[in-house]
Each structure stands twice: as C-alpha cells, then as structure tokens.
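Asks: Test case, fold it:
(one chain, ligands or ions: 1)
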Amino acid sequence: MKRQKIVMLTAYDYSMARLMDGIVDIILVGDSLGMVVLGYENTTKVTMDDMLRATGAVARGAKKALIVGDMPIGTYDNEEDALRNAKLFLEAGAHAVKIEKKPEIAEFLVRNGIEVMGHIGLTPQTITDFKVQGKDKESADKILEEAIQLDEAGCFSLVLECIPMELAKNITNKIRIPTIGIGAGVHCDGQVLVSHDILGLYGDFKPKFLKSYAEIGNDMKKAFESFTKDVREGKFPDEEHSFH
Ligand code: KIV
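Replies: All right, here's what the predicted structure looks like:
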C-alpha cells in the first residue's frame, strides 16, 4: 500500500500558522525566517530571541500540526547549550526541534527527552557553496553516512536538502525514519518548502526545486496601490466606514 506523504511548510507568525493548521502535518518555524521575514542575506544572524518569538506566535495559531522549532546557528554547539536552548523551544510551544548535522548532539537531546528532526545535504547554516550536494560518490557516501548516524541517534525524521533524487531514494530506503525532501526529488517520505516561496511573497531568488502555488505578493501590491489611491482621492474612508 502506498503510504501518505508527510507535508511540512514553514510559518513564522500566528496568522499564517492558523491558516495552514489542520492542512499540513508539520509546521516548521524555520530559521529561513532570517531571510524571508527579517531580510538578512542568509540564516546566520538569526538569534534564539527571533526564533522563540516566532515559535510562540505559531503555537498560538496552530493547535493540530506538529510544531518544529529550528535551532539557530551557534545554539547547539555543545550538549549544555543544545539542551538549554531546545527546552526554551519547547517552553515557547514547539513539540520538537530541528538541527543541522551533529549526530552526537542529536543523540544527547533524544536521550534527554527532546524530539529531534535532523537536516543534511545543503545545510544553510554552515555551507558556503549553495549548490546541489552529494553529486560525486565521495560526498554522496558521506551524506548517506550522516543519514545513518542521525537515524541511529534517535531522530524522528530527517530533512534532505538539495541532493540528487537517486541519493535521496537510497537514503530513504536505507534508514528507518522518514525523510522529508526539499530539492531532493520524489522518493522522500515527505516534502517541505518555505511558505513565502510557494506563495510568491519572497522574490529575492528562485531555486529550481521551487514551485509557485500563488502570487500573493502581487495581490498585496495591488491592495496597497488601491488603498493609497482611495485615500489620496478622498474615497476612503466613506460613509459606510465612518461613525456618527
Ligand atoms: O529554515 C528552513 O526553512 C528550513 C527548511 C528549508 C527545511 O530549514
């Protein structure tokens, strides 16, 4: 029997989380927040404060989905920091945390009662060449090995980002936990994309794996223009929107 795919999207605020709750399986409060919400070039300036505020907002909006908080760079470099910060995510309303690579930290967190989602392949916190990873045999073997280690560490799922679909298939077949792909082809157990990307809200760059499902950015611009025009032409507020 074909198993239903796991669906994960990112959210960083109450309204967006509320809209997707009950539809997607997992809401990832991703550190992509640094780019699509805070306007940084990459995720490396994102802080715990940024992530905890967003996680709290998402948790207030989502009551059905599993909420995963993405631990920012530098917050899980050693066991003590990792556990302290992971607990802060749970206090803010996350059910689990995501970390990039680091199987030994994942294992420590799991041993201490934290549900951990792994993330390998293109890992934006540390990578310098933003291109498909694992194209040659040596790097593909390394990524497979990392997947096995994170599985053995007790992670409950694993994000595979920007790797060839054949490698993603091999990993998905070899490990016990579900894989969630982003730019990793059709064979993963689930898929994730950044909500702002599928909605047409963030246009700074458009990777090949991205599919657009709406152009809400254009609709928003039209609304901003209409409101500006109405105010300038004295058409808003009108009688209907005024008090006596
Ligand atoms: O931060 C994020 O949004 C992510 C996903 C792209 C997996 O890590």
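Asks: now the strands for the protein?
Replies: Along the chain, the segments classed as strands by DSSP state E run 6-10, 26-29, 66-70, 96-98, 116-121, 157-161, 179-182, 190-193.
Asks: quick one: contacts for the most centrally placed residue in the chain?
Replies: By CA atoms, centre = their mean, the chain has its centre lying nearest to Gly30, at 3.6 Å. Residues in contact with Gly30 (CB atoms under 8 Å, 6 or more residues apart in numbering) are Thr10, Tyr12, Asp70, Lys98, Val194. For glycine as for every other residue, the C-beta is placed from the backbone atoms N, C-alpha and C.
Asks: quick one on the thing from earlier: can I get the strands of the chain in TSV including mean neighbour count?
Replies: TSV is the format used below for the strands of the chain (neighbours: other CB atoms under 10 Å):
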stretch	mean neighbour count
strand 6-10	23
strand 26-29	28
strand 66-70	26
strand 96-98	25
strand 116-121	28
strand 157-161	27
strand 179-182	26
strand 190-193	22
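Asks: thought Tyr14 was touching Gly61?
Replies: Yes - using CB atoms under 8 Å, Tyr14 makes contact with Gly61 at a distance of 4.0 Å.
Asks: Which one's more surrounded, these two?
Replies: The neighbour count for Tyr14 versus Gly61, taken as other CB atoms under 10 Å, is higher for Gly61 (21 against 16).
Asks: Any figure for the gap between that one and the ligand?
Replies: Remark: distance between Gly61 and the ligand (CB to the nearest ligand atom, to the nearest Å) = 17 Å.
Asks: One more: His241?
Replies: When CB to the nearest ligand atom is applied, the distance between His241 and the ligand equals 38 Å.
Asks: now swap in Lys45 and tell me
Replies: Using CB to the nearest ligand atom, Lys45 is found at 13 Å from the ligand.
Asks: likewise Gly118?
Replies: Separation of Gly118 from the ligand (CB to the nearest ligand atom): 11 Å.
Asks: ok, and the closest non-adjacent residue to that residue?
Replies: Leaving aside its chain neighbours, Gly118 sits nearest to Leu150 (3.7 Å; criterion: CB to CB, 6 or more residues apart in numbering).
Asks: Might one say that that neighbour is in contact with Val159?
Replies: No - counting by CB under 8 Å, Leu150 does not reach Val159; the two are 10.0 Å apart.
Asks: can you list residues touching both of these two?
Replies: The contact sets of Leu150 and Val159 overlap at Gly118, Ile120 (CB under 8 Å, 6+ apart).
Asks: Let me see the contact set for Lys63.
Replies: Asp21.
Asks: pLDDT score for the residue in the chain positioned nearest to the ligand?
Replies: The ligand sits closest to Gly30 of the chain, with a gap of 2.4 Å, by CB to the nearest ligand atom. pLDDT, Gly30: 98.
Asks: can you check the one 3 residues further on too?
Replies: For Leu33, the model assigns a pLDDT of 98.
Asks: Contact partners for it?
Replies: Residues in contact with Leu33 (CB under 8 Å, 6+ apart) are Thr10, Tyr12, Val46, Asp50, Met51, Ala54.
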